[in-house]
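> For reference, the sequence and a predicted model appear below.
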Amino acid sequence: MLEDFSALINGDPIEGFSLRQNWLREGEAEDLKAIYRLLSASRDGEGILRRAFEGILPAELFPYTGRLLEQGIFPECPDAILFSLYPPGISTGPHRDAPQYGETIAGLSLGETATMIFEHINGTRQRLTAHLPEGSLYIMRGEARHQYTHRTTPINGLRWSVTFRQLQPHMRMKKDVEWMRVH
């Protein structure tokens, strides 16, 4: 599955960024969209519908988290997942995922092809553009994770993303304590 996808990436390579096209198996994109539809989501300030899971994950997601682990993308099973639905015309602003989510971020793109733009945090013109067709998986770690912001451009149709992360150990303990207080 490690093929050459240079046609999907424009710009100089960034250490720690990789893209795997067709990571999903046949029917899995529709399965994930159906899972999203079953979840209650809330709209954020940008108009994006989001649903997050941290700690205890729905069993329907185990095939995906297990595959990420089997392929060595994560050293331990991801325990933080964010489902997002982007309506037409919506984009994300430049950001870096919060440090509490560890070294590796992996995201699945579903629906309309998205364009993700990486820009170095030092303000130089170092930039990379990646096109994320349905079923593709992007992976950020190292320099790509910590030294670049990333954003998406507006799209014409619906796009879903499923972001897989791993809580830092001290955050896992905090989530466990919160869960024990509630239960």
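Arrived safely, thanks for sending.
> which stretches of this structure form strands?
Along the chain, counting by DSSP state E, strands occupy 9-11, 17-20, 42-43, 49-54, 80-86, 92-95, 105-111, 114-120, 127-132, 137-140, 148-152, 159-165.
> Which strands border the first one, and is each parallel or antiparallel?
Yep, that's strand 9-11 we're talking about. Paired strands of strand 9-11, with direction, are strand 127-132 (antiparallel) (DSSP bridges).
> So which bits of the partner strand are buried?
128, 130, 131, 132 (16 or more other CB atoms under 10 Å). No exception for glycine: its C-beta is placed from N, CA and C like everyone else's.
> Give the rounded mean pLDDT of that strand.
Computed over strand 127-132, the mean pLDDT rounds to 91.
> tell me the angle of it relative to strand 105-111?
50 degrees (axes from the mean of the first three to the mean of the last three CA atoms, to 10 degrees).
> List the contacts of strand 127-132.
8-14, 17, 19, 107, 109, 113-120, 138, 148 (CB atoms under 8 Å, 6 or more residues apart in numbering).
> What subset of the residues you listed is buried?
The neighbour count (16+ other CB under 10 Å) marks 8-9, 14, 17, 19, 107, 109, 114-119, 138, 148 as buried among these.
> Which one of these is nearest to residue 155?
residue 114 (6.0 Å; CB to CB).
> Pairing partners for that closest one in the sheet, please.
On the basis of DSSP bridges, residue 114 is bridged to residue 132.
> By average pLDDT, which secondary structure element in the chain comes out worst?
None of the helices or strands of the chain scores lower by mean pLDDT, DSSP states H and E than helix 169-182, at a mean of 48.
> tell me, how many neighbours does residue 84 end up with?
22 (other CB atoms under 10 Å).
> Just the buried positions in stretch 162-169, please.
162, 163, 164, 165, 166, 167, 168.
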